[in-house]
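Visitor: How does the following fold in three dimensions:
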Amino acid sequence: MTGIEIHPGAQIGRRLFIDHGMGVVIGETSEIGDDCLIYKGVVLAERPWSRETSSHPRNRVIIGSNSTVLGAHYDR
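Guide: All right, here's what the predicted structure looks like:
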């Protein structure tokens, strides 16, 4: 009905805002921090060939329309 698919296993922080959510998919292993903004058509998912945890937007992140975020976030 909303065009937003969020897996129940996704970890989502406070104050996530999804603007014009049609086509937004948040996968099982996604971890989203606080105060994030996601626009339409965004996919957060893991790479099936990776053993790492996936998609980790940190706090105060904007993910633009039609973006695809695949794979792990690595701290260096």
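Visitor: elements contacting the worst-scoring helix or strand of the chain on mean pLDDT?
Guide: Using mean pLDDT, DSSP states H and E, the weakest-scoring helix or strand in the chain turns out to be strand 68-70, at a mean of 81. If contacts are counted by 3 or more C-beta pairs under 8 Å, 6 or more residues apart in numbering; DSSP states H and E, strand 68-70 sits against strand 43-45. Backbone N, C-alpha and C define where each C-beta goes, glycine included.
Visitor: Give me the sheet partners of the strand it packs on and which way each runs.
Guide: strand 24-26 (parallel), strand 68-70 (parallel) (DSSP bridges).
Visitor: Can you lay out those strands as TSV showing distance to Met1?
Guide: What follows is these, written out as TSV (distance: least, C-beta to C-beta, whole Å):
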stretch	distance to Met1
strand 24-26	13
strand 68-70	23
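Visitor: Look at Asp35 and give its secondary structure.
Guide: For Asp35, the assignment made with DSSP: H, G, I helix; E, B strand; the rest coil gives coil.
Visitor: what's the nearest residue to Thr2 once chain neighbours are set aside in contact with, if anything?
Guide: Distances taken as C-beta to C-beta, 6 or more residues apart in numbering place Gly21 nearest to Thr2, at 5.7 Å, with adjacent residues excluded. Counting by C-beta atoms under 8 Å, 6 or more residues apart in numbering, Gly21 touches Thr2, Gly3, Ile4, Ile38, Lys40.
Visitor: so what's the fourth one bridging to?
Guide: Following DSSP bridges, Ile38 is listed with bridge partners Ile18, Ile63.
Visitor: can you pull the contacts of the residue positioned nearest the centre of the chain?
Guide: Most central in the chain under C-alpha atoms, centre = their mean is Leu44, positioned 3.9 Å from the mean C-alpha point. By C-beta under 8 Å, 6+ apart, Leu44 lies in contact with Ala10, Val25, Ile26, Gly27, Ser30, Ile32, Ser54, Ser55, Pro57, Ile63, Val69.
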